[in-house]
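Asks: Output the structure for:
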Amino acid sequence: MRKMAVLLSGSGRTLDNFHQRIVEGTLRADIQVVVSNVERALGLEKARRYGYPAFFAAENAGINAILADYEVDLIALAGYLKLYTPPVGLERSVLNIHPALIPSFCGAGFYGHHVHEAVKARGCTVSGCTVHFANESYDQGPIVLQRCVALEDSDTPDDIADRVFAAECEVYPEAINLVDAKGVDYFWDRVKA
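Replies: Sure, this is the predicted structure:
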């Protein structure tokens, strides 16, 4: 079972999903702490309602000081909108979910609705999401799982966002369970530098 920290910047929809699946017994993780870089993030309120320790820290140093007080072996970025540098010992243990099929529509500037607008503008017939390990560059760490979703010509960026988020709700917990089963190093070692 993974002992997780969850980092978020917004409403906490991914936290909701994690919590529900932990309660159901389908996600092999225990959330130790939730941290947001946005002081009044709705996700922090939700974390407190669920009974998780929840804190605000604007920068990496503050986040990492908080994490030092908890037993954590996996950090899940859940709508965390900054480049994060983890503490020593957890450099290879940061998971992120990206709302597109990496290597498409990723990197600096491609986050949230910007991704779905770009997918629509390009006329893509599929999109999806990618769970990957985070490193010092946006969306460049080893891929754990991807999920594809079919698109219709009539889909708006909001429709695409809804389809992709539904896939994210399934694939992110699956990826955490896969990391729990195979270990972090498996994913880093299988990628050719």
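
Asks: mind listing what's buried in the longest helix anywhere in the chain?
Replies: Longest helix in the chain by number of residues (criterion: DSSP state H): helix 157-182. For helix 157-182, the neighbour count (16 or more other Cβ atoms under 10 Å) marks 157, 160-161, 163-165, 167-169, 171-180 as buried. (Glycine included, C-beta is placed from N, CA and C.)

Asks: which stretches of the protein aren't confidently modelled?
Replies: Scanning the chain with the threshold set as pLDDT under 70 gives 193.

Asks: Please repeat the previous calculation with a cut-off of 90.
Replies: 79, 81-83, 102-115, 135-141, 190-193 (pLDDT under 90).

Asks: Outline the domain layout of it.
Replies: Following automatic domain parsing, one finds the domains of the chain at 1-91, 96-193.

Asks: where exactly do the helices run in the chain?
Replies: Here the chain has its helices, by DSSP H, at 13-24, 42-50, 60-67, 112-122, 157-182, 184-189.

Asks: Now tabulate these in a markdown table and tack on distance to Ala100.
Replies: Formatted as a markdown table, the helices of the chain follow (distance: least, Cβ to Cβ, whole Å):
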| stretch | distance to Ala100 |
| --- | --- |
| helix 13-24 | 16 |
| helix 42-50 | 22 |
| helix 60-67 | 25 |
| helix 112-122 | 5 |
| helix 157-182 | 8 |
| helix 184-189 | 19 |
